[in-house]
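Novice: this is a predicted model, with the sequence first.
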Amino acid sequence: MMPSMTAELEECRRLLAARNPADALARVDGLLTAGPGPLAAREVRLECLMALGRFEMAHELAAGILATDPGNAVAERHRLVLEHALRKPDLGAPAPGLRPFHSEVPREVLLRIQQAVHHYTYRRLQMVKDPFSLALYPMLLGALRPRTIIEIGSKAGGSALWFGDLLASLHIDGHVHSIDVIPVTDVQQANVTFHQGNGRRLEQSLSAQFLATCARPLLVVEDADHTRETSLAVLEFFHPHLRAGEYIVIEDGILSDLYPQIFPDCSSGPHVALRDFLSRRGSDYVIDPAYCDFFGYNATWASNGFLRKIA
């Protein structure tokens, strides 16, 4: 290499050592404008990309270095890390029927999250959503693009507003209908409507005519009192109305893992309802691992609760 390039690379390394990877990257990119450049410059660029968290670009560069210099120590070191970090989780294929209901998230972690869940707010309203759900629902809405969301259990209205805002942010022309025995009356939003109703007697709140006029696809979120009776009533009520490809989510089965002394052998209300429902109608639904297992096996408060209708 020319002395000027050697000096410039040393300056890039100094900037990296000083935790200034952005300036280091700008300088090394200046050296590589005319082509791939010398190996040492590409190694420095790889270190910069790793420091900046641009892992996909770093993985591509490491592969390019190894293609021309097999066994390169710098590229190989980062390749090993990146191939593990960037590998898509092996979620398994959805399959009809039952599967184990436990969560692999350690109970002490679940308990600490549960402490925070009841104090989590959205737009200053209590929301009661775990961090896994906060990440999973936007993915589900982005994939399903529901035109109607029906939520059973409004609480303070925070989750309904959140769903409404998610629809708007994803440019989905949809509407949220949120139902509770104690209806929310002090929250207004154009794409959200609050109703009074009981999850065990939804026919009193949602007529067949109303459901027939709802824009599709439909997403149902059952987040009421977490008893077997309510969860099962919601599942049975929506079963004839759901179409193939639509989802019903039964939340808070995680109570089995949080409080096994109260709900031994995965006997929380939602889990018992899901087990009962799927034992009879399992051929019509799959428990979708794309959401239940995205962060780990049943790493969600809706453990085994993301059901996609297939028939």
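Specialist: Nice, I can see it. Residues are numbered from 1 along each chain as shown.
Novice: ok, now which ones touch residue 58?
Specialist: Shown in contact with residue 58 (C-beta atoms under 8 Å, 6 or more residues apart in numbering): 46, 49-50, 78, 82. Any C-beta I mention is one placed from the backbone N, CA and C, and that applies to glycine too.
Novice: and it, what helix or strand is that in?
Specialist: helix 55-68 (DSSP states H and E).
Novice: closest one to residue 194 out of the contacts of residue 58, please.
Specialist: For the contacts of residue 58, the residue nearest residue 194 by C-beta to C-beta is residue 82; the value is 47.1 Å.
Novice: counting neighbours, what do you get for that closest one?
Specialist: If you count neighbours by other C-beta atoms under 10 Å, residue 82 ends up with 19.
Novice: for it, give me its contacts.
Specialist: 55, 58-59, 62.
Novice: before we move on, what about residue 282?
Specialist: With C-beta under 8 Å, 6+ apart, residue 282 has these contacts: 96-98.
Novice: now do it against residue 94, distance only.
Specialist: Residue 282 sits 12 Å away from residue 94, taking C-beta to C-beta, to the nearest Å as the criterion.
Novice: skip the chain neighbours and tell me the closest residue to residue 203.
Specialist: residue 237 (6.9 Å; C-beta to C-beta, 6 or more residues apart in numbering).
Novice: please identify the helix or strand for that neighbour.
Specialist: Residue-wise, residue 237 maps onto helix 228-238 under DSSP H and E.
Novice: who does that helix touch, helix- and strand-wise?
Specialist: Contact partners of helix 228-238 among helices and strands, from 3 or more C-beta pairs under 8 Å, 6 or more residues apart in numbering; DSSP states H and E: strand 148-152, strand 218-222, strand 247-250, helix 269-281.
Novice: the shortest one: what's the following helix or strand?
Specialist: Once the chain leaves strand 247-250, the next helix or strand it forms, by DSSP H and E, is helix 255-258.
Novice: mind putting the helices and strands packed on helix 228-238 in TSV, mean pLDDT and distance to residue 103 included?
Specialist: Output for those, formatted as TSV (pLDDT from 0 to 100; distance: least, C-beta to C-beta, whole Å):
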stretch	mean pLDDT	distance to residue 103
strand 148-152	98	22
strand 218-222	98	18
strand 247-250	98	14
helix 269-281	97	11
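Novice: columns distance to residue 310 and mean neighbour count on top of those, output as a markdown table?
Specialist: Putting these into a markdown table (distance: least, C-beta to C-beta, whole Å; neighbours: other C-beta atoms under 10 Å) gives the following:
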| stretch | distance to residue 310 | mean neighbour count |
| --- | --- | --- |
| strand 148-152 | 20 | 26 |
| strand 218-222 | 15 | 25 |
| strand 247-250 | 11 | 25 |
| helix 269-281 | 11 | 20 |
